[in-house]
Each structure stands twice: as structure tokens, then as C-alpha cells.
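[1] What follows is a protein structure lacking sequence information:
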């Protein structure tokens, strides 16, 4: 895997609000290789969604990339024109969003919303409707003919997310960005959607960036994990490494807080003491230091840099398992 | 089968509720207008004779009261008018000597034409300026658009009308409204010239609220998730704007348009008067001055019926715009 080509490489990315500048994402660097699935884990406000949105230039109003680059196939997505970006969206890179209840246009038929993707990138022809039909069938929509004539409100959340996935995949993108696509769904539906995405990824050999706050969700789905905290990457590495040998005290805490189903002892779940800091208030220190049981004065005065290999890297002065 | 029956019953009961609400509203309006007309000082006699009423002998007054039918009890006055309204000839206008139906037949088309022109112009201007403003909130163009909205709202119709009439007549010696009023069937060209300026004045008045509604509805919609989805699919910006943002902003715009159209159908009294258009506004104003009860009451009822009809039409349009409304 280390030898494969990077499809997407985000380099020292900084995202900030434009007025009264507040840094939301700081110095984020990561790669997604061809055919690889990378998970981004972090709690609310850690900047994982913004990182994802910035790739497609879909950052909310008033928020922008201020430094760094987002290279996709040799093109810096942070610098290309709106027109070039439009051509990439939906065809080369597409996205599935968190809330399927609000992500579809309520006054447009499902079929037309899928057809619109084709229309935006190619000329519509006789086969277009058939392609929409096929895309919907593939994600497991029953009675596709009728579904195409339906409006989103006639569908359940799980079905709408399937529609969103069909919409994202219809032009066979090279990279799929999934921003917590199962968070808003029932647990049973979550499993179906996860299975569907895993299956599609395998079939198409596409790359994937999966954003989540739930380590349990991504464990079986991705090859590598990136752990974000307060706008920075604190640890990255292969799933196996992160799960079996977490280096950063934060990652360690996250894993320790996962419920274990076999455990019958009725103990309280472990939690990390304190609340996350706002990224723009951190300053020249480790953002996790105030909550870290291993923190020293060094942690409060210097920003730890992410060092290591693709297989394993960590931004910490006192990684786990190393006695200080 | 059971479900279909339940659905049919539901629709049926909804229609019944709707119709009875409308009937109650209209009845309420008829009683209200009837009472208000009789509470304001003066009556048909003072309306017809003015200050000369003072020289009438009590006997003459009694005879006139009988002639105008205002010597009867209020209840019988109400029901005799209601009877003539419901049978369709709408009562009698003493000053013109014809039935109110005859008056309305010539006045109503003028008002409807004027209201249509005003609304269409207003909606076109309002949506255009609203979209222009909302395309870049807080920018110079937004400021310009909002300034237009405020000015259009702040400048009274009579000021604008008077200014237009004065300027066109004095400087350009152009005053088509000085000619006899022409229906579009008799002389479309003269009619167009006579309707052009009053239509524009009303259009500006309609454009202001439509523009403000459009702007705020667009700004609310543009941040919705599905708009991001559309952009994320690579839809070209113009189509994102039309298919996703504008289409989902139409409900408040249609509501505002319906209300404005309803107002205009109620007769733009001052504008009709200034531009000498023989519409419903003028008809009602003259009738109020002359205390012609039947004319006022019947005209107001016609306004009310049109207003209610527009409400129903607006609801139908909602259903066309938004499939979620059932």
C-alpha cells in the first residue's frame, strides 16, 4: 500500500473564518491512496466535516481555506477556478452527507435529482434514464420505476440515504467522501448502509474518505484511520495499529471509552475528563494537554508535530507505552 | 378499498370545512359593511342632496326615505339587499338609475385588468430585484436592491401617480387618460396607453413586498443542505439557483403575490381616481360619498368573493409547487 499513488493529498491545510479570523482546522496533512479507504475520527468540532467539505469547495459561507493545498490527481483543488471545481464535483469526487432527511431537494422527483448529475457532466441521451434506473436498483431501492417518480418525503431516512449513495456513485467517481452517512439513521439501517457502501467500494475499487465520530463504525470499513482533535490530526495509522497500539493519550482514551459487549460487569463506561478546547483558543501548546494525564510543561508550551510513517504517526511528546 | 374510502371521506370533510368557513366569512363581511354604512353620519338623502337637505320639509324627507327604502327596519333592509345580491342583480343605484350589476359589469373589467398588469409587473420586478439582492448579501448590489425596495414601499402611490401625470401632461403634453376610457376590445392601443402608467405605479407598489419576501426566502433557502447537495453534484450555478433555491422559495413569494393581487382587485381607489379610470375603486368611492348602500355593499361583497377565490387559487398553486402539501 505504501507504494501506491496518492489520489488525494492534503498538505498543511488551514481553514479559518474570514471575519474575526478563527482557525478551525490547523496544519492538517494526510493522503488517500488509490483504492484506499481512510477513516477520519473525531468528536463534534474537531474539524473532520470541514476538512471533508473543503475538498469539494463546499465550505459554508464565511469559512475558507487560508493555507495549504488539497492536491487531487496533481491539481490543487484549493486554487482551481469555480468552473473547474464544478466539473470535478459529482463526477470525479462525490459526497454523501450526514442527514438524508434534508440533503435531497423536497420539490424535485428522485429520478430527476439523479438525472441532474448526468446532465451536469454529460449530454443527456436515451440511455440516461436507464442509467438512473440501474443506479437506484444497485443500491437496493425496491420498485425503482415508481421510486423515480416519487418525491423524497415519500421515502424513509434509510431509503433516502440509499438514494444519496446512488446519486454519488452514478458517474463512478474515483473518490467518495462520506460525512457520517449513518449517524442520522436507526442502528439496524446503519448496518445495511455500511454493508452497501463497503460492497460498492469493493466492486468499484474506488477510494473513500469516511468521516465519523464512531470508531466502532469504521473499524471494519477502512484501511487507515486519522484521529482529529481540536482542528488537528493527533494520530494516524493503519486500523490495526491504532486499535491494538494507540500512541496518543487521546486515541487511547477514545478506545477505552468504547463499550465492550462481552463485559457483563455493569461498570460505568470510561470517559475522558474535561471538554475539548476550541481550536482557535489553543495557541502554542498541545490542544489535548489540559485533559491529558501525561501532560508536562513541554506540552503546554509547544505544539507537537505529527511524525511517523503512513503505517503509524502521532503528534505527542509523551506517547503511550513510552516511559518518560 | 377501506383506505380509499377513508381518504375520500377526509377530502370531502376538508372541502366541507373550507366551504363553510368561506360562507361564514362572507356572511360576516356582509353584516359588517351593512352596519358600518349605517353607523357613519349621513344617509342616502344627505348623500344625494348635500347641504340642500336642510331645506327639505319633513314630509319630503319622509317620502324620500320611503323612496330610498331606508324607512324599513334594518333587518328587512338587509334581507331585501341580500335577496337582490344573491339573485344576481346586486341592487339598484339611485344616482345612476341602473342596477349595481350594470355598473359592475363595466367597472370590474377595468379593475381586473389594472390589477393583473400591476401584479404581473410587480412580480417580475420584485423577483428580479430580490434575486439580484440575494445573490450577494451585504454587497453593493444588495444595498441597491434593498434601496429600491424601501423607496417603492415608502413613496405613496398618489405621489408617484400625481408626479407622472403632471410631468407627462405638462412637459410632454401626453395624457392618454384625458381621453374617454377605452376597453381593450374597443381600442387596444389607447387602452394600453391608459393602463401603462397606473399599471406601473401599482406594479412598483407590489414589487416592494415581493422583492423583500423573495430576498429573505432565497437567503434562507440558499443555506439549506439540499442546495449544498446540488452544488456537490456539480450542477451549474444558474440551475442550482433556479431549480433548487428559487423553486424552494416560491411558497412565501406566491403567498405575498396572492395577497397583493387581492388588494389590487379591491380597487386601487386613488390610482384609479388620478388616472380617471372607471374601475371598482372609483365606483365604491362615489357610492360611499352618495351613501348608496346597495352599491357599496354589493361591491364590497364582490371584493370579498374575489379575495377568497384568490386564497383558494393560492392554495392550489401551493400544491403544484410543493408535493408535500396534500
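    Yep, that arrived. None of these values were measured; they are calculated from a predicted model. Residues are numbered from 1 along each chain as shown, chains lettered A, B, ... in the order given.
[2] Where does pLDDT dip in chain B?
    Applying pLDDT under 70 to chain B picks out residues B:1-4, B:267, B:326.
[3] Show me where it has its helices.
    Applying DSSP state H to chain B gives helices spanning B:2-39, B:44-49, B:58-68, B:74-86, B:100-134, B:140-154, B:157-170, B:188-222, B:225-232, B:237-239, B:250-265, B:269-274, B:280-289, B:293-321.
[4] Would you check that residue B:131 makes contact with residue B:214?
    Yes. Under the criterion of Cβ atoms under 8 Å, residue B:131 makes contact with residue B:214 at 6.5 Å. C-betas here are computed from N, CA, C, even on glycine.
[5] neighbour count winner among the two?
    More crowded of residue B:131 and residue B:214, by other Cβ atoms under 10 Å in any protein chain shown: residue B:214, with 30 against 19.
[6] who touches the residue nearest to that one when sequence neighbours are not counted in this structure?
    Using Cβ to Cβ, 6 or more residues apart in numbering or on different chains and skipping the chain neighbours, the partner closest in space to residue B:214 is residue B:130 (2.7 Å). If a contact means Cβ atoms under 8 Å, 6 or more residues apart in numbering or on different chains, then residue B:130 has B:145, B:210, B:211, B:212, B:213, B:214, B:215, B:218 as its contacts.
[7] Quickly name whichever of the residues you listed is closest to residue B:55.
    Nearest to residue B:55 among those, counting by Cβ to Cβ, is residue B:210 at 53.2 Å.
[8] rewinding a little: out of the helices of chain B, the one nearest residue A:5 is which?
    Closest to residue A:5 of the helices of chain B, according to Cβ to Cβ: helix B:225-232, at 24.9 Å.
[9] any bit of that closest one sitting next to chain A?
    Yes. Using Cβ under 8 Å from any Cβ of the partner chain, helix B:225-232 reaches chain A at B:225, B:226, B:228, B:229, B:230, B:231, B:232.
[10] tell me the secondary structure for the residue nearest to the first one when sequence neighbours are not counted?
    Sequence neighbours aside, residue A:102 is the residue nearest to residue B:225 in space, at 4.0 Å (criterion: Cβ to Cβ, 6+ apart). In terms of secondary structure, residue A:102 is coil; the call rests on DSSP: H, G, I helix; E, B strand; the rest coil.
[11] residues touching residue A:102, list them.
    Applying Cβ under 8 Å, 6+ apart, the residues contacting residue A:102 are B:224, B:225, B:226.
[12] thinking the last one is in contact with residue A:100, fair?
    Pointing back at residue B:226 there. No. Assessed by Cβ under 8 Å, residue B:226 is found out of contact with residue A:100, at 10.5 Å.
[13] Pick out whichever of those two has more residues nearby.
    Remark: of residue B:226 and residue A:100, residue A:100 carries more neighbours, 27 against 21, as counted by other Cβ under 10 Å.
[14] Against residue A:199, how distant is that one?
    Distance, residue A:100 to residue A:199, by Cβ to Cβ, to the nearest Å: 18 Å.
[15] just residue B:303 next, same as before
    Taking Cβ to Cβ, one finds residue B:303 at 64 Å from residue A:199.
[16] Name all residues that make contact with the closest residue to residue B:282 other than its chain neighbours.
    Excluding the flanking residues, the one nearest residue B:282 by Cβ to Cβ, 6+ apart is residue B:272, at 4.9 Å. By Cβ under 8 Å, 6+ apart, the residues touching residue B:272 are B:110, B:111, B:114, B:198, B:278, B:279, B:280, B:281, B:282.
[17] Neighbour-wise, give me the winner out of these.
    Result: residue B:280 is most packed of the contacts of residue B:272 (other Cβ under 10 Å), 29 neighbours.
[18] Which one's more surrounded, residue B:303 and residue A:199?
    Comparing residue B:303 with residue A:199 by other Cβ under 10 Å, the one with more neighbours is residue B:303, at 21 against 13.
[19] Near chain A, which residues of chain B are found?
    For chain B, the contact set with chain A under Cβ under 8 Å from any Cβ comprises B:223-226, B:228-237, B:239, B:243-244, B:247-248, B:321-324.
[20] what about 10 Å?
    B:137, B:222-237, B:239-240, B:243-245, B:247-248, B:250-251, B:320-324, B:326 (Cβ under 10 Å from any Cβ of the partner chain).
[21] Which members of these are classed as buried?
    B:222, B:224-235, B:240, B:243-245, B:247-248, B:250-251, B:321-323 (16 or more other Cβ atoms under 10 Å in any protein chain shown).
[22] Quick one: neighbours of residue 317, just the number.
    Assuming you mean chain A. Neighbours of residue A:317 using other Cβ under 10 Å come to 18.
[23] other chain: chain B
    Quick note: residue B:317 (other Cβ under 10 Å) scores 16 neighbours.
[24] Which one of the contacts of residue B:130 is nearest to residue A:54?
    Nearest to residue A:54 among the contacts of residue B:130 is residue B:218, at 25.0 Å by Cβ to Cβ.
[25] So that closest one is in contact with residue B:133, correct?
    Yes. Using Cβ atoms under 10 Å, residue B:218 is in contact with residue B:133, at 8.4 Å.
[26] between those two, which one's more packed in?
    Neighbours were counted for residue B:218 and for residue B:133 using other Cβ under 10 Å; residue B:133 has more, 26 against 23.
[27] And the strands in chain A?
    Ranges of strands in chain A, per DSSP state E, are A:6-17, A:23-33, A:37-41, A:63-72, A:75-76, A:93-96, A:175-179, A:207-212, A:224-229, A:232-238, A:307-308, A:312-314.
[28] Which of those sits closest to chain B?
    Of all the strands of chain A, it is strand A:93-96 that lies closest to chain B, at 5.0 Å by Cβ to the nearest Cβ.
[29] Any residue of that closest one touching chain B?
    Yes. Applying Cβ under 10 Å from any Cβ, one finds strand A:93-96 in contact with chain B at A:93, A:94, A:95, A:96.
[30] what helices or strands is that strand leaning on?
    Here strand A:93-96 touches helix A:48-55, helix A:157-169, strand A:175-179, strand A:207-212, helix B:225-232, going by 3 or more Cβ pairs under 10 Å, 6 or more residues apart in numbering or on different chains; DSSP states H and E.
[31] at 6 Å what do you get?
    Using 3 or more Cβ pairs under 6 Å, 6 or more residues apart in numbering or on different chains; DSSP states H and E, the elements in contact with strand A:93-96 are helix A:157-169, strand A:175-179.
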